[in-house]
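Q: Any chance you can model this:
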Amino acid sequence: MALPEDHARGAAVDPLREAADTMRAVRDRCVWTQRIDHRALVPYLVEESAEVIDAVEAGSPDELREELGDLLWQVLFHAEIASRDAAHPFGIDDVARGLTEKMVRRHPHVFGDAVATTPEEVLVHWNAAKAAEKRERTSVLDGVSSHMPSLALAQKLLGKAAQVGVDPVRHHSSAETPGDAGGLGQDVVSHPASEAELGDALLGLVALARAQGWDAERALRERLRMLTTDVRAAEQARRDLEE
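A: Below you'll find the predicted structure:
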């Protein structure tokens, strides 16, 4: 089997560099890989990211290690595609260098003279550095991806809305009862009468999750895993009865 040259010679190679060299060889020699561009690669990035989440929340350390490797392959793949762009080329070294520089800037309490003794103080430094980097942004919503899963996006947008004093749940709710999720009336939360009210109810539940420090997206994923287990158990029970 033909391997990247350094590996084939048995030379001591940094594992990350070896992975990048392997990606380059695959791009050079694999006809399927040669036809893939950034957009065509997106579904694989989404899939591999989801599998990392599964490994974190329900898998073993070995599964997590493997899935992180698959996700790293996507990063290397995109970087290798970009390195061959005639107009604006960049490679994995540029990606790594930019990441390092950004993380150093955003951790002045680690690499500079700033002081942070609490997580809240760390976030102050992080947000200040990020704001300095993104001076061209004119809205707190700039940089928020609309491709996030809906519950995660809702939780993110609620946080952004709070920064500018907007309470979208209370603003759009027609039936407000103090103490209910996000100011929604209990009937709306429990028995929405329309798709619009269902949207209000869902947003109210996400607001409740945010207020409690919960992750709404993870909460639903965990519950869906339980449902998956129940379905598989029911299927197995049916097969057992048929035997």
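Q: What residues sit buried inside the helix ranked longest in the chain?
A: Ranked by residue count under DSSP state H, the longest helix found in the chain is helix 216-242. Within helix 216-242, the residues scored as buried using 16 or more other CB atoms under 10 Å are 216-217, 220-221. To be clear about C-beta, it is placed using only N, CA and C from the backbone, and glycine gets the same treatment.
Q: Identify, from these, the entry nearest to Ala86.
A: Comparing the buried residues of helix 216-242 against Ala86 with CB to CB places Glu217 closest, at 39.3 Å.
Q: For the closest one, give me its contacts.
A: Contacts for Glu217 (CB atoms under 8 Å, 6 or more residues apart in numbering) come out as 149, 151-152, 155.
Q: ok now the longest helix of the chain, how far from the chain's centre?
A: Taking CA atoms, centre = their mean, to the nearest Å, one finds the center of helix 216-242 at 25 Å from the center of the full chain.
Q: Could you do stretch 51-65 as well?
A: 15 Å.
Q: mind listing what Val104 touches?
A: Phe111 are the contacts of Val104 under CB under 8 Å, 6+ apart.
Q: which element is it on?
A: Take DSSP states H and E as the rule and Val104 turns out to sit in helix 92-106.
Q: average pLDDT for that helix?
A: Mean per-residue pLDDT for helix 92-106: 97.
Q: re earlier: now which of the contacts of Glu217 would you call buried?
A: Buried, going by 16+ other CB under 10 Å: 151-152, 155, out of these.
Q: where in this structure is pLDDT low?
A: 1-11, 169-190 (pLDDT under 70).
Q: give me the number of residues near the residue lying closest to Val56 once chain neighbours are set aside?
A: Counting by CB to CB, 6 or more residues apart in numbering, Val56 lies nearest to Leu64, which is 6.2 Å off, once chain neighbours are set aside. Neighbour count of Leu64, defined by other CB atoms under 10 Å: 16.
Q: what's whatever helix or strand Glu197 lives in packed up against?
A: Assigned by DSSP H and E, Glu197 falls within helix 195-212. In terms of contacts (3 or more CB pairs under 8 Å, 6 or more residues apart in numbering; DSSP states H and E), helix 195-212 is packed against helix 150-163, helix 168-172, helix 186-190, helix 216-242.
Q: Figure out which of those helices is closest to Thr138.
A: Short answer: helix 150-163, nearest of the helices and strands packed on helix 195-212 by CB to CB, at 13.3 Å.
Q: And the residue nearest to Val56, how far from Thr33?
A: Distance, Leu64 to Thr33, by CB to CB, to the nearest Å: 25 Å.
Q: What of Leu224?
A: Taken as CB to CB, the span from Leu224 to Thr33 is 33 Å.
Q: one step back: looking at the buried residues of helix 216-242, spot the one nearest Asp85.
A: Asp85 has its nearest neighbour among those in Glu217, at 33.6 Å by CB to CB.
Q: Show the contacting residues for Val140.
A: 160, 163-164.
Q: Let me know the closest of those to Leu123.
A: Using CB to CB, Gln163 is the member of the contacts of Val140 that lies nearest Leu123, at 12.6 Å.
Q: can you give me phi and psi for the nearest residue to the closest one once chain neighbours are set aside?
A: Counting by CB to CB, 6+ apart, Gln163 lies nearest to Val140, which is 5.1 Å off, once chain neighbours are set aside. With angles defined as degrees, to the nearest 10, Val140 sits at phi -70, psi -20.
Q: do Gly143 as well
A: Dihedral angles for Gly143 - degrees, to the nearest 10 - are phi 90, psi -10.
Q: what's the offset of the helix or strand encompassing Ala50 from the middle of its chain?
A: Assigned by DSSP H and E, Ala50 falls within helix 38-58. Mean-position distance between helix 38-58 and its chain equals 9 Å (CA atoms, centre = their mean).
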